[in-house]
Each structure stands twice: as structure tokens, then as C-alpha cells.
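Asks: no sequence for this one, just the structure:
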């Protein structure tokens with residue numbers, strides 16, 4: 001399987017896994033993972049646009065579009081209007097079997113574990129450069145959607161602290 005066909009498979013998988021799930025604005029949830037993937041592809045996760053041609057990291061792009069499937073596609077709540085089908089259950093083993101160890105490791109690295117305190121999760125992500133790229137793109141997409149935060153609230157503050165932590169670099173060895 002070519003790198004591009006693997007990315008296509010990841011996009012299809014994420015689309016099917018998220019089903020009719022909707023975000024807070026009522027838009028198809030899959031738009032968020034696709035936006036994260038595009039931010040990673042364009043180099044916008046670090047706040048700067050990439051210049052010139054560079055090697056495309058298809059594993060990173062695949063993991064970016066899959067970044068929410070383990071956390072959000074448990075099959076326990078649809079988030080879909082009118083009882084429409086919601087996210088399909090996705091397991092870590094399924095990601096490993098369908099996409100291999102490298103993509104699985106990245107998806108797992110950006111997945112917050114049940115009961116894991118948020119800043120411990122962010123610290124764990126920061127130890128993996130490629131996971132940090134995905135998480136920064138995820139945070140920036142979440143922070144940049146119109147209407148996402150009608151007022152300054154604790155979630156926005158948490159995202160800002162996480163971006164600062166992940167971009168600061170002083171916490172790294």
C-alpha cells in the first residue's frame with residue numbers, strides 16, 4: 001500500500017468512525033480531524049507556515065486525522081442529532097492492525113487516557129515531537145473555530161496553557 005493510499009484509508013476510517021457525530025456548532029465532527037490534518041500538512045501546528053517543498057510525512061498526517069478516534073469513538077454516545085448513528089466503536093488493537101505500529105503509537109500518544117489529569121497528559125504528549133505537532137494543531141483548531149468559546153471560559157484557558165507548555169520548550173530535557 002502506498003503512503004497516499006494509507007492516508008486515504010485513514011481519512012475514510014476516521015469519517016466512518018465519527019459517523020454522524022456533530023461538533024458544538026452542529027457541523028459534522030469529521031471536519032475537525034480533517035482540519036487538524038491540514039494544519040499539520042501546512043506546518044501551521046507550530047504557528048508558522050512551511051516554506052518550500054518538503055518531504056510529506058504520511059504517517060503523521062494519518063495519525064492527525066485519526067487523533068480523536070480512540071477518545072471519541074467509543075460507541076457509547078452519538079452526539080448525533082435526532083438519534084442518527086453516532087461514532088462507531090474503535091479500539092487500540094483495531095488502529096494497530098489497520099495502520100501499523102508507527103501510526104498506532106502516534107494516535108495513542110495523543111489520546112488522553114481515562115482518569116489522566118489534563119496537564120499530565122499534555123506533559124506526556126510533549127515528550128514525543130510528532131505527537132506534539134498533532135496536539136498543537138488540535139488545540140489551535142479548537143481555539144480558532146468561530147463560536148467555540150462564546151465567553152472566555154476555563155476550557156479556553158486550559159487550551160492556552162497547553163499551547164504555552166507545548167511551545168515553550170523549557171520543560172523538555
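Replies: Thanks, I have it. In this text the structure is predicted, and so the values were computed from the model without any measurement. Residues are numbered from 1 along each chain as shown.
Asks: What backbone torsions are found at the spatially most central residue of the chain?
Replies: By CA atoms, centre = their mean, the chain has its centre lying nearest to residue 67, at 3.4 Å. Here is the backbone geometry of residue 67 (degrees, to the nearest 10): phi -60, psi -30.
Asks: And the helices in the protein?
Replies: 3-18, 31-42, 58-65, 69-72, 92-109, 118-126, 129-144, 154-168 (DSSP state H).
Asks: now these as JSON lines including distance to residue 24?
Replies: Bear in mind the C-beta positions are built from the backbone N, C-alpha and C, glycine included. Output for the helices of the chain, formatted as JSON lines (distance: least, CB to CB, whole Å):
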{"stretch": "helix 3-18", "distance to residue 24": "14"}
{"stretch": "helix 31-42", "distance to residue 24": "10"}
{"stretch": "helix 58-65", "distance to residue 24": "20"}
{"stretch": "helix 69-72", "distance to residue 24": "13"}
{"stretch": "helix 92-109", "distance to residue 24": "23"}
{"stretch": "helix 118-126", "distance to residue 24": "19"}
{"stretch": "helix 129-144", "distance to residue 24": "10"}
{"stretch": "helix 154-168", "distance to residue 24": "11"}
